[in-house]
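Undergrad: Just to be clear, the model below is a prediction. Sequence and coordinates:
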Amino acid sequence: MPEYSQEFLRAQQLRSELLRHNHRYYVLDDPEVPDAEYDRLMRELQALEERFPELIIADSPTQRVGGSPLDAFAEVAHLRPMLSLDNVFDAEEFAAFDRRVRERLKTTAEVEYSCEPKYDGIAISLIYRKGVLERAATRGDGNAGEDITLNVRTIKSVPLRLIGEGHPELLEVRGEIYMPKAGFEQLNRRAQEQGTKGFVNPRNAAAGSLRQLDPKLTASRPLMLCAYGVGEVQGGELPGRHTDTLRQLAAWGFSITRDLQEALGVNECLSFYQRLQAKRADLPYDIDGVVFKVNSLELQVALGFVAKAPRWAVAFKFPAQEEMTTLRAVEFQVGRTGSITPVARLEPVFVGGVTVSNATLHNSDEIERLGVKVGDTVIIRRAGDVIPQVVSVVLSKRPTSAQEICFPATCPVCGSPVARVEGEAAVRCTGGLICPAQRKEAIKHYASRQAMDIEGLGDKLVDALVEKGLITSMEDLYELTAEQLAGLERMGKKSAQNLLDALERSKSTTLPKFLFALGIRDVGQATAATLAKHFGSLENLLAADELRLQEVQDVGPIVAKRVATFFADPRNLDVIQGLREHGVHWADIAVMPRETLPLAGKTYVLTGNLESMTREDAKARLEAFGAKVAGSVSKKTDCVVAGPGAGSKLSKAESLGVPVIDEAAFLKLLEQLA
Ligand code: IVH
């Protein structure tokens, strides 16, 4: 192939890009692009080399499994090569993998697979001689890795000596070292406090922690091991099925995945994949897919290997949670309490299973930390249902036209000056209820379902009412007339009347709902409910000073200050007075001693995702009714609240016969108790 051909040049370009990314990923633990981009470049090069084998050169990144070992650790040869896995990305590709397996095995019968999460960490080889840990090594290039025994010995879940009996003379256990999400967040928080650079994700944090030349540093990092297979075995026998081997490893003291399962044929594998994907955001560690392995060792041997990967296993990857796109513009949104939030407007990108075109940039500190400019290529992360985040900037792709992001000095909606409160990251509009944006948000919040529940008063209608000057505060809602409403766009006579009826109905409310509806900063549904229960009446609450407020369960100095400041402002008292004059009313609550609360003595456990509130809110609400909320299920649990994605806690509850309720039943219960 001529050296000036397009394919030759592209292959060269891909190789040099991959080389650079490899170095940043494996040596510096500081990748610049998301995995999805790296995989795309690698696949493009593989495809090119497949079509034109003459392009393959010995040091092409396609010709090795991992990165080159660091100089600082001794290099050790693996007893058996540490291979990688082929990836599939959809059900069709997985079915094709299964077809190839059956063709090779010359069978039409369904194959039994072992199904396991694909942990997103660092592959490790652990050699035990006579049951004692002798050596731990990274994968390196697959044939030789780095001896990191001293570091690995500091990881508590790595057995230094096996328990149980029947250990082979020599046993090589393979697994993944990973950092749980919580530990990663804590580590990064600490780094931020100390002004040092954190890690991009838990996997890089795990890699960085393992490669410390000082084992004491590794010891201080929250690392864990999940054993997922064996390598070399001498002087001993292991079970004939992979899943049984993993269970045997567990009996010898290794932690293995809790989500291990056997599945017969493609369909059972696919339902495992779906179940795990639904649980993914709730798992305490990152996974990036599912690994399916032919379960019979005999069949594994029959299937064998290709150059880099076994023919008997495959990784079925989840859609990438991180992707690259460009930042088109930054707009500033004014929230209910005046906080001005920069929002990234992005070139739409498919990430975490949906198309994302906006992401939050939080505040000016965050913009500074990221060093991001308009026009930059950025990495977006969307995990579970959380708001998409801008993770980092790909500096090497910055165009010369990139523009600095300027925080506005005045509110983009009302023009009032903005202020930064000391000790707070947020910049706020000082316009208060003069600011139409704050006014709108306050009214939307007041009308929302969990607050005054004014059916038919949606966000668009509030915007229109404020813009037309028909309302400026919540009280004005109750002065609206059928004629005024019917004059609005897309508002018929009937819907105008329905809205008036809903407004009338909303006047009869409860104290917790009313307190929540007032939109006091940091007073969510749960805090509003606790305050209402504690004080019983608005009068009692108004009379409480900051110290008395802090006596309330879960109310700390900050929330106490917010509540006291809110009620000290005569403008807010006027609004409350006005609403009452318009007929808004509620019944006071008899203040009950804790033991007489309706859920006193009951233990609840929350698992899975709830759609209508966070787990913290659900916990606070249960506690406000006197219940204890525990982290694990036992015979003493009275009830488990299970949302989508519930896992082992749900199965435990079922096996113990503990009553389980779903979100709808839970909301009903809260409503009955309120
Ligand atoms: S089995 C020969 N099982 O994924 C097959 N690997 O992309 C060896 N990984 O290098 C791998 N979880 O570091 C296997 N349950 C699991 C895994 C797993 C994570 C990693 C492993 C491997 C990489 C392949």
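TA: Looks like it arrived, so ask away.

Undergrad: Up against the ligand, what does the stretch 1-150 of the chain have?
TA: L83, S84, L85, E116, K118, Y119, A123 (Cβ under 6 Å from any ligand atom). C-beta: built from backbone N, CA, C; applies to glycine.

Undergrad: Filter these down to the ones in strands?
TA: E116, K118, Y119, A123 (DSSP state E).

Undergrad: Tell me which stretches of the stretch 401-550 of the chain form helices.
TA: Secondary structure of the stretch 401-550 of the chain (DSSP state H, counting those that start in this stretch): helices located at 436-447, 459-467, 474-477, 482-486, 493-506, 511-517, 525-535, 538-543, 546-550.

Undergrad: These: which one's closest to the ligand?
TA: helix 525-535 (37.6 Å; Cβ to the nearest ligand atom).

Undergrad: and E110, how many residues sit next to it?
TA: 15 (other Cβ atoms under 10 Å).

Undergrad: Would it be right to say that it lies in a strand?
TA: No: counting by DSSP: H, G, I helix; E, B strand; the rest coil, one finds E110 to be coil, located in no strand.

Undergrad: got a pLDDT number for P644?
TA: P644 carries a pLDDT value of 81.

Undergrad: Next up, the contacts around it.
TA: By Cβ atoms under 8 Å, 6 or more residues apart in numbering, the contact set of P644 is A278, G608, N609.

Undergrad: Now do the SS call for the first one.
TA: Classification of A278 by three-state DSSP places it in helix.

Undergrad: you'd agree it is up against G647?
TA: No: in this structure, A278 is not within contact of G647 by Cβ atoms under 8 Å, at 9.3 Å.

Undergrad: could you dump the helices of the stretch 401-550 of the chain to CSV with mean neighbour count, mean pLDDT and distance to S271?
TA: Shown next, in CSV, are the helices of the stretch 401-550 of the chain (neighbours: other Cβ atoms under 10 Å; pLDDT from 0 to 100; distance: least, Cβ to Cβ, whole Å):
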stretch, mean neighbour count, mean pLDDT, distance to S271
helix 436-447, 22, 93, 41
helix 459-467, 17, 92, 38
helix 474-477, 20, 94, 49
helix 482-486, 14, 90, 50
helix 493-506, 15, 94, 43
helix 511-517, 23, 96, 40
helix 525-535, 23, 92, 36
helix 538-543, 15, 94, 51
helix 546-550, 16, 88, 50
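
Undergrad: Just send those helices back as JSON lines, with distance to F184 too.
TA: Listed next are those as JSON lines, based on distance: least, Cβ to Cβ, whole Å:
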{"stretch": "helix 436-447", "distance to F184": "33"}
{"stretch": "helix 459-467", "distance to F184": "36"}
{"stretch": "helix 474-477", "distance to F184": "42"}
{"stretch": "helix 482-486", "distance to F184": "52"}
{"stretch": "helix 493-506", "distance to F184": "44"}
{"stretch": "helix 511-517", "distance to F184": "33"}
{"stretch": "helix 525-535", "distance to F184": "27"}
{"stretch": "helix 538-543", "distance to F184": "40"}
{"stretch": "helix 546-550", "distance to F184": "32"}
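
Undergrad: With G375 as the reference, name the closest of those helices.
TA: G375 lies closest, by Cβ to Cβ, to one member of those: helix 436-447, at 27.0 Å.

Undergrad: Between helix 459-467 and the closest one, find me the angle.
TA: Orientation note: helix 436-447 sits at an angle of 130 degrees relative to helix 459-467 (axes from the mean of the first three to the mean of the last three Cα atoms, to 10 degrees).

Undergrad: can you list the residues that contact helix 436-447?
TA: The contact list for helix 436-447 (Cβ under 8 Å, 6+ apart) reads 333-338, 411, 413-414, 429, 431-433, 451-454, 457, 459, 462-463, 465-467, 471-474, 477, 506, 517-519.

Undergrad: If we use 7 Å, what do you get?
TA: Helix 436-447 is contacted by residues 334-336, 338, 413-414, 429, 431-433, 451-452, 454, 457, 459, 462-463, 466, 471-474, 517, 519 when judged by Cβ atoms under 7 Å, 6 or more residues apart in numbering.

Undergrad: What of stretch 346-356?
TA: With contact meaning Cβ under 7 Å, 6+ apart, stretch 346-356 is reached by 319-323, 325-328, 357-359, 380, 382-383, 388.

Undergrad: do the same with stretch 619-626
TA: By Cβ under 7 Å, 6+ apart, stretch 619-626 touches 526, 529-530, 533, 553-554, 594, 597-600, 604, 606, 629, 670, 673.

Undergrad: and with 6 Å instead?
TA: With contact meaning Cβ atoms under 6 Å, 6 or more residues apart in numbering, stretch 619-626 is reached by 526, 529-530, 533, 554, 594, 597-600, 604, 629, 670, 673.
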